[in-house]
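Chemist: Coordinates for the following, if possible.
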Amino acid sequence: MSHNIKDPSHKARWIVVYPAYIDATRSINKGRKIAKDVAVEKPDPRELIFASHANPNFPLTITLDGKAYPQDYLVKGRLRVQLKNSDGTLVDENFPNRKSVYLFLANAIKEKRELDAEEERKEEAGGKKGKKKKKGKK
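Modeler: All right, here's what the predicted structure looks like:
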C-alpha cells in the first residue's frame, strides 16, 4: 500500500494524471482539476504521453498505466509522474506540485493540436492547387 511507503521516489508515491483532470468538457465536480480556459477538450492518454515525451522542457520521469478513471471507466490510461527524489527534494523546481504538471501538459497538448491544425491547413491549401478533377467514364 502506498500510504505505508515513506520513500517519495517510490513509484507508488508518484502523482497520478488522468486525462479527465485536464478535460475542458468536464466540470470540477466531474474531475477537472484546472481552470476551464487552460484545459483541453477531450484529451487522449496518448496525447499525455506525447506532451511529456516530445517536450524537452519536461524532465520528469513518467510511466503509463492501463488504469481507468473511476468516473470514466471506458477511457484506459493514466500517467504516473515522479515529482520528488528519495531525499524529498524536487526533481525539477519548475514543477513544485501536481497542478504545475497538469498546466504544463494541457499547454503542451494545446500547442501540438495547433501545430497539427496548421499543418493540415497547409496540406489542404497546397493539395488543391495541383489537382484537377477527373471525369469518370460514361
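
Chemist: For the longest helix belonging to the chain, buried residues please.
Modeler: The helix that spans the most residues within the chain, counting by DSSP state H, is helix 98-130. Buried residues in helix 98-130, counted by 16 or more other CB atoms under 10 Å: 101-106, 108-110, 112. Any C-beta I mention is one placed from the backbone N, CA and C, and that applies to glycine too.

Chemist: ditto for stretch 64-81
Modeler: By neighbour count on 16+ other CB under 10 Å, the buried set for stretch 64-81 is 68-69, 75, 77-81.

Chemist: per-residue pLDDT, the closest residue to Ile22 other than its chain neighbours?
Modeler: Excluding its sequence neighbours, the residue lying closest to Ile22 (CB to CB, 6 or more residues apart in numbering) is Ala106, at 4.4 Å. Looking at Ala106, its pLDDT reads 95.

Chemist: likewise Ile34?
Modeler: Per-residue confidence (pLDDT) for Ile34: 96.

Chemist: now Glu120
Modeler: With respect to pLDDT, Glu120 has a value of 89.

Chemist: Leu74 should be in a helix, yeah?
Modeler: No - assessed with DSSP: H, G, I helix; E, B strand; the rest coil, Leu74 is strand; it does not lie in a helix.

Chemist: Could you pull out the helices in this protein for me?
Modeler: Counting by DSSP H, the chain has helices at residues 45-53, 98-130.

Chemist: Redo these as JSON lines? Include distance to Val91.
Modeler: Listed next are the helices of the chain as JSON lines, based on distance: least, CB to CB, whole Å:
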{"stretch": "helix 45-53", "distance to Val91": "13"}
{"stretch": "helix 98-130", "distance to Val91": "11"}
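
Chemist: Before I go, just wanted to say thanks for your time.
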